[in-house]
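Student: Structure, please.
(one chain, ligands or ions: 1)
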Amino acid sequence: MSQALLKASGIGVRFGGLKALDGIDYAVGERELSCIIGPNGAGKSTFLNVLTGTLRPSQGSVLFAGTSITGLGLNRIARLGVARKFQIPSVFPSLSVEENLDVARWGTASAARSTKELLELVQLDRVAGKLAGELAHGQKQWLEIGMAIAIGPKLLLLDEPTAGMTPQETLATAELLLRLKGEFSIVAVEHDIRFVRALDCETLVLHQGRKLRSGPFREIEADETVRNVYLGRR
Ligand SMILES: Nc1ncnc2c1ncn2[C@@H]1O[C@H](COP(=O)(O)OP(=O)(O)OP(=O)(O)O)[C@@H](O)[C@H]1O
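Tutor: Have a look, this model is predicted:
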């Protein structure tokens with residue numbers, strides 16, 4: 001891996017008597033694309049909450065570009081260049097697609113992408129004037145990805161970006177992330193194995209709060225233990 005941009009060490013989270021995460025080590029390199037998968041209740045969202053500072057872990061630390069961000073809070077971490085896209089799109093429904101991107105770009109450096117470039121990148125240029133509230137579900141997700149990209153992040157974290165999408169929309173989302181690959185680091189928490197297969201990237205498998213495996217998706221997919229606890233059930 002190139003130099004780690006994000007490094008989580010020995011992350012543990014307890015909710016009362018439940019160990020939601022136990023001793024998770026994880027690193028994402030500069031401009032690397034990485035996926036986190038695992039069955040329901042594996043601890044994926046809890047881990048993402050730790051990475052974005054919305055949850056302070058009971059144990060362990062998170063470093064971003066060499067600085068501790070453990071439990072720092074979403075806003076302060078965002079200011080360092082970490083963008084998070086939540087599972088449910090939060091766009092401004094009564095503004096047009098183009099206006100949503102304009103709003104997201106406010107205050108960003110002049111070197112950041114123009115609204116036109118963002119529209120083309122997320123392939124919403126043909127619906128630029130449409131109200132965001134009238135977009136199809138997949139298009140709303142892409143708009144929110146565009147809004148997250150607008151700030152010029154160093155790291156983009158995506159929580160189940162293909163939730164509720166059709167197979168075609170899922171594939172288009174994978175293609176979008178592959179277009180962005182190499183520009184900044186991306187971490188996607190995902191349920192949809194077809195999507196992760198299309199990305200073919202470094203993958204962390206969580207199971208019952210522990211790291212089950214990590215490595216390139218092709219190796220993960222071929223791993224018998226992973227197949228038994230997760231992939232084989234799908
Ligand atoms: N705020 C909380 N309080 C108590 N228990 C929690 C809390 N958040 C999560 N948990 C528990 O921690 C465990 C991990 O949950 P988490 O939501 O992180 O899993 P997940 O892998 O994201 O699951 P899913 O794929 O269903 O979203 C589960 O047993 C869950 O019930």
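
Student: Quick check: residues of the chain near the ligand?
Tutor: Residues of the chain lying close to the ligand by C-beta under 6 Å from any ligand atom are Phe15, Leu18, Ala20, Gly38, Asn40, Gly41, Ala42, Gly43, Lys44, Ser45, Thr46. Just so you know, the C-beta spots here come from the backbone N, C-alpha and C atoms, and that holds for glycine as well.

Student: residue closest to the middle of the protein?
Tutor: Leu158 (2.1 Å; C-alpha atoms, centre = their mean).

Student: What subset of the residues of the chain next to the ligand is buried?
Tutor: Burial by neighbour count, judged by 16 or more other C-beta atoms under 10 Å, picks out Ala20, Gly38, Ala42, Gly43, Lys44, Ser45, Thr46 from those.

Student: what are the phi and psi angles of the fourth one?
Tutor: Geometry field for Gly43 lists phi and psi as phi 110, psi 10, criterion degrees, to the nearest 10.

Student: show me the residues around Ile69 that make contact.
Tutor: Gly53, Val62, Leu63, Arg76, Ile77, Leu80, Val82 (C-beta atoms under 8 Å, 6 or more residues apart in numbering).

Student: contacting residues around the fourth one?
Tutor: Applying C-beta under 8 Å, 6+ apart to Arg76 gives the contacts Gly53, Ile69.

Student: separation between it and the ligand?
Tutor: In this view, Arg76 and the ligand are 21 Å apart by C-beta to the nearest ligand atom, to the nearest Å.

Student: try the first one
Tutor: Distance of Gly53 to the ligand, given as C-beta to the nearest ligand atom: 16 Å.

Student: wait, that residue sits on Leu72?
Tutor: Yes. Contact between Gly53 and Leu72 holds when scored by C-beta atoms under 8 Å: they sit 4.4 Å apart.

Student: for the residue nearest to Arg56 when sequence neighbours are not counted, helix, strand, or coil?
Tutor: Using C-beta to C-beta, 6 or more residues apart in numbering and skipping the chain neighbours, the partner closest in space to Arg56 is Gly71 (3.1 Å). Each residue gets one of three states, and Gly71 gets coil by DSSP: H, G, I helix; E, B strand; the rest coil.

Student: What ranges does this structure have for its helices?
Tutor: 44-51, 74-79, 97-105, 115-121, 137-150, 167-180, 193-199, 217-222, 224-229 (DSSP state H).

Student: Output the below-cut-off pLDDT ranges for this structure.
Tutor: 1-2, 86-89, 107, 109-111, 231-234 (pLDDT under 70).

Student: at 50 instead, please
Tutor: 234 (pLDDT under 50).

Student: Could you give the number of residues near Leu124?
Tutor: 22 (other C-beta atoms under 10 Å).

Student: And Ala150, by the same measure?
Tutor: Around Ala150 there are 23 residues (other C-beta under 10 Å).

Student: Quick check: bridge partners of Val205?
Tutor: Beta bridges link Val205 to Ile37, Arg213, judged by DSSP bridges.
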